[in-house]
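Q: coords please:
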Amino acid sequence: MDGLELALLTGAVAASGIVVLHAALVPARPSVSVQVARLDGARRSTRRTVLSAAEAAASVAPDRGLFGLQAAFGRMMATLADRLEVLAAERGWRLRRTRADLAVLGRRTGEFLATKVVAGLVLLLLAPICWLSLRAFGVPLPGGVPLSLALVMGGLGFVVPDLALRGDAQRRRRDFRRVVGVFSDLVAMNLAGGRGLPEALLSSASVSDYWALVRIRQALAGARLSGSTPWQALGDLGDELAVAELSDLAGALALAADDGAKIRASLAARAATMRRRDMADVEGEAGEKSQSMLVAQLVLCTAFMVFLAFPAVHNLMAQS
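A: Alright, predicted model coming up:
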């Protein structure tokens, strides 16, 4: 493959990506069912946001210069995210694990899909641009490098957001599990103080503005407005966030909703079990970090010994 054929092939790949991006940005005409699904998803993910002084100043900044470019890029990403969310709903993409991870992080599905598409397209176009720049400066490079490198980098740009999402969601779920254990203790203490189960749940969720307790409090408030039971709302939240501990807690509350003493004993035992499991996880993580530090120390010591012994070994081998 000579340089001309490679340039034509690279240009065709780039043009295909631009055409796909343009098609994604074209305003769609979703059906009524898709619009209802989008409204229902927006209702479930509605949350209040408090802007800081800097964010409020940036929001009212004039739309020019660098701020104008950022605003234009933000509008483009919002349009692409909306289009991809409609496309996912129309195609029936379930994305169960991805949606659960996004729900834990409080992000929209369209934003995540737009990030994947843009990251993959940017890295796909980066390799040919770098290759052409180096060739323009006279650096000799083989002709088959840009196409293979562009495909590899484009694939990485499309996959890396998934890996980052999994790691962030795992950390958030670990925090949420710890909060569920504390929440169970608080509910048991409120029940021991003579409160009813719904009041004990709402009071326990109102002790702090930590994000996990805010999500629980919003679910309980939504259940009160819709007329459903609090434990059903907690179960739905646990299923949405893929937090098994919260779903188990909701099941226990539903089974023993009429017997306060058994609920208190069950909640106390459940909270103690969660604390022991959390301590075991923390001890395991500490052991892994200790082993990593030990390996790093051994590598440093070995490298230092090699550095000290190299001159003597080199002299002996030179004399022989």
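
Q: use CA for all of it now, contacts and neighbours both
A: Noted.

Q: any low-confidence regions in the chain?
A: 1-13, 17, 19-68, 139, 141-146, 257-261, 320 (pLDDT under 70).

Q: Can you list phi and psi of the residue positioned nearest the centre of it for me?
A: A centroid search over the chain (C-alpha atoms, centre = their mean) returns Leu165, at 3.1 Å, as the residue closest to the centre. Taking degrees, to the nearest 10, you get phi -60, psi -40 for the backbone angles of Leu165.

Q: Which residue, other than its chain neighbours, is closest to it?
A: Asp101 (6.9 Å; C-alpha to C-alpha, 6 or more residues apart in numbering).

Q: Could I get the buried residue list for the regular element (helix or strand) spanning the one you found?
A: Assessed by DSSP states H and E, Asp101 sits inside helix 96-105. For helix 96-105, burial by neighbour count (16 or more other C-alpha atoms under 10 Å) applies to Thr98, Arg99, Ala100, Asp101, Leu102, Ala103, Val104, Leu105.

Q: do stretch 81-92 as well
A: Within stretch 81-92, the residues that count as buried by 16+ other C-alpha under 10 Å are Ala81, Asp82, Arg83, Leu84, Glu85, Val86, Leu87, Ala88, Ala89.

Q: Stretch 169-186 now?
A: By neighbour count on 16+ other C-alpha under 10 Å, the buried set for stretch 169-186 is 169, 172-173, 176-186.

Q: Equivalent analysis for stretch 102-115, please.
A: 102-106, 108-115.

Q: So which of these is the closest to Gly284?
A: Ranked by distance to Gly284 (C-alpha to C-alpha), these are led by Val104 at 24.1 Å.

Q: neighbours around the nearest residue to that closest one once chain neighbours are set aside, how many?
A: Nearest residue to Val104 in three dimensions, chain neighbours excluded: Leu241, at 5.4 Å (C-alpha to C-alpha, 6+ apart). Using other C-alpha atoms under 10 Å, the number of residues around Leu241 comes to 23.

Q: how much space is there between Leu241 and Ile216?
A: Distance from Leu241 to Ile216, counting by C-alpha to C-alpha, to the nearest Å: 11 Å.

Q: Same question for Arg173.
A: In terms of C-alpha to C-alpha, Arg173 sits 13 Å off from Ile216.
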